[in-house]
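# When you get a sec, could you give me coordinates for this:
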Amino acid sequence: MTADKKQKVLIVDDTPENIDLINGILENHYSIKAALNGKKALKIAQSQDPPDIILLDIMMPDMDGYEVCGQLKSNPATASIPVIFITALSEIEDERKGLDMGAVDYITKPVSPPVVLSRVRNHLELKRYRDDLEAMVKEKTAELLEAVAARERIESELKIARDIQLSILPRTFPAFPDRTDFDIHALIVPARDVGGDFYDFFLTGENHLFFCIGDVSGKGVPAALLMTLLKKLVKVKAMEVDNPAEVLEFVNRHFYADNEACMFATIFCGMLDLKTGIMTYSNAGHEPPLIISPEWSVRETRGANGGAVGFEHETQYENGTIEIRNGEIIGLYTDGITEAFNSNNRMYSRERVEAWINSHKPHSAKDLVESLYNEIKTFSEGSTRGDDITVLAVKYHPGQ
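Numbers count the residues shown, from 1 in each chain. Model (predicted):
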C-alpha cells in the first residue's frame, strides 16, 4: 500500500444523520463509503474494492448488525475485515455478543469523536500490520521452499531473517543520550538463527518510560513471527494508554484471536514514572524482575501476576506498583538465563542469579546486562544452549 493511498472505511447505519456524524470524524483521514442497510454493506464488502474496516450499527431493519457480522465472518473473502460495532445498545451482554461474533471492538452511542478516531486508527494499523506480516510470511515461505535443495541458500536466508528480526529491536546504546535521570541497556541472543524472545522500550511522554520483555513458546521461525506481532501489539496499545494491565489484555485478546498454532507467550510490562520513581507493572506469566539496590541487595515485585497470553480470550490482568529508589537497577530476563544448563546437566536457576549479583555488584544497566550474559555463557560452556537469552536493565538515578 502506498503511503498516499487512504485506507477505506465502510459506515453502515440506517440513519443518514449517524453516517454524516461518523463521516465528519473520519473523512480527513480515510476514504469513506456508506451503506444504509445490511444487504448494501455486504455487497460493498464482497466487491473488488472492499473496505479495510467496517463500522456497523446493530439495530437496523430487515438485517441487523449481528446478522451482517455473522455473514462477513463466515465468508473467507470478508472474514479478515475488522468490524467495530457502533450502537446505542450499552448492556454488557450486548457487547459480549458482538465480540463473540467476531467484532474487534464495540463503541456505544453517543460517540466521542476522539475515541472513534483512536479506535479506528489502532485497528487499521493492526490490520495493515497483519496484512504486511502475512505477505511477508508467504513471500519468505515461497523462497524457503524454493531453496530446500540448497543448504547454503537456506542458511543465507535464515541469516537475513535473523538480521531483520533483530533490526526491529532497539539496539543503539546509550538509547537516550540526552537523559541523565535513567539509563537502559538490553541484549538478545537467539538459540537458533531466529528466536521468540523480544524486548522493547520507549518514552510515552517526557517523564514516562515504558519497557517490556517477552518470551514466545517454541523456537525458530514460528516463534520469531509471533514475536514480531506481539512486539507490535504491545507498542500500539502502550502508546495509547499508561496502563500495563490494559496493554496485556489488548495483546492477549488479539493474539488469542489469531492463535491457530495454540502457542503462548510470557510478557512483563513496566511503566516507570521518571519524576516519582513509581513503577506500575503487570505480568503475564513472566519471571518477575529483580530490583537491585546500590548495596546489591535484591528485592522483587509482588502481585500483578497473571497467566501467559494466548490461553484464554478474556484473561484479566492487574497492575502492581513499586517505588524504584535512586540508584536502583530493574533487571529483567527470559528463562534462557535461569534454565541454562552446564556440562553436568545442572540448571543455573534464579537463586544463582541473585548470588551472582551479590558477588559481582553491577554498577550500571550495561554492566548488569553484559556481565550476566558472559556469566551464563561461561556456565553453559560445553553444553548445547536450548533457549534464547534476553536481558534488559533500567537504572534509575534522578539525582544525576
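# quick one: stretch 61-68 to chain centroid distance?
33 Å (Cα atoms, centre = their mean, to the nearest Å).
# List the buried residues for it?
For stretch 61-68, the neighbour count (16 or more other Cβ atoms under 10 Å) marks 63, 64, 65, 66, 68 as buried. C-beta coordinates here come from the backbone N, C-alpha and C atoms, glycine included.
# Just the CA trace of the helix or strand that contains the fourth one, in PDB.
When secondary structure is defined using DSSP states H and E, the element that contains residue 66 is helix 65-74. Extracted in PDB, the C-alpha atoms of helix 65-74 (Å, rounded to 0.1, in the frame of the first residue of the first chain):
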ATOM      1  CA  GLY A  65     -25.800  -5.800  12.600                       C
ATOM      2  CA  TYR A  66     -25.300  -9.200  14.200                       C
ATOM      3  CA  GLU A  67     -26.500 -10.900  11.100                       C
ATOM      4  CA  VAL A  68     -24.300  -8.700   8.900                       C
ATOM      5  CA  CYS A  69     -21.300  -9.500  11.100                       C
ATOM      6  CA  GLY A  70     -22.100 -13.200  11.000                       C
ATOM      7  CA  GLN A  71     -22.200 -13.300   7.200                       C
ATOM      8  CA  LEU A  72     -19.000 -11.300   7.000                       C
ATOM      9  CA  LYS A  73     -17.100 -13.700   9.300                       C
ATOM     10  CA  SER A  74     -18.500 -16.800   7.600                       C
END
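# what element comes up after that helix heading to the C-terminus?
strand 83-87.
# I'd like the average pLDDT over whatever helix or strand comes next after that following strand.
Downstream of strand 83-87, the next assigned helix or strand under DSSP H and E is helix 92-100. Averaging pLDDT along helix 92-100 gives 83.
# Between helix 65-74 and helix 92-100, find me the angle.
20 degrees (axes from the mean of the first three to the mean of the last three Cα atoms, to 10 degrees).
# On the three-state scheme, residue 131 is what?
Following DSSP: H, G, I helix; E, B strand; the rest coil, residue 131 is assigned to helix.
# what's the burial count for it?
Residues lying near residue 131 (other Cβ atoms under 10 Å) number 13.
# Can you check the pLDDT for it?
82.
# Next, the angle strand 83-87 makes with the helix holding residue 66.
180 degrees.
# hey, what's residue 11 bridged with?
residue 34, residue 55 (DSSP bridges).
# would you put the C-alpha positions of stretch 251-269 in CSV?
Below are the C-alpha coordinates for stretch 251-269, written out as CSV (Å, rounded to 0.1, in the frame of the first residue of the first chain):
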residue,chain,number,x,y,z
VAL,A,251,-2.3,-8.1,23.4
ASN,A,252,-3.9,-11.3,24.7
ARG,A,253,-7.3,-10.6,23.0
HIS,A,254,-5.7,-10.0,19.6
PHE,A,255,-3.1,-12.7,19.9
TYR,A,256,-5.7,-15.3,21.0
ALA,A,257,-8.0,-14.5,18.1
ASP,A,258,-5.3,-15.4,15.5
ASN,A,259,-3.5,-18.1,17.5
GLU,A,260,-4.3,-21.1,15.4
ALA,A,261,-1.0,-22.7,16.3
CYS,A,262,-2.0,-22.7,20.0
MET,A,263,1.2,-21.0,21.1
PHE,A,264,1.6,-18.7,24.1
ALA,A,265,3.9,-16.1,25.4
THR,A,266,5.0,-14.7,28.7
ILE,A,267,5.3,-10.9,28.9
PHE,A,268,6.3,-8.4,31.6
CYS,A,269,5.3,-4.7,31.1
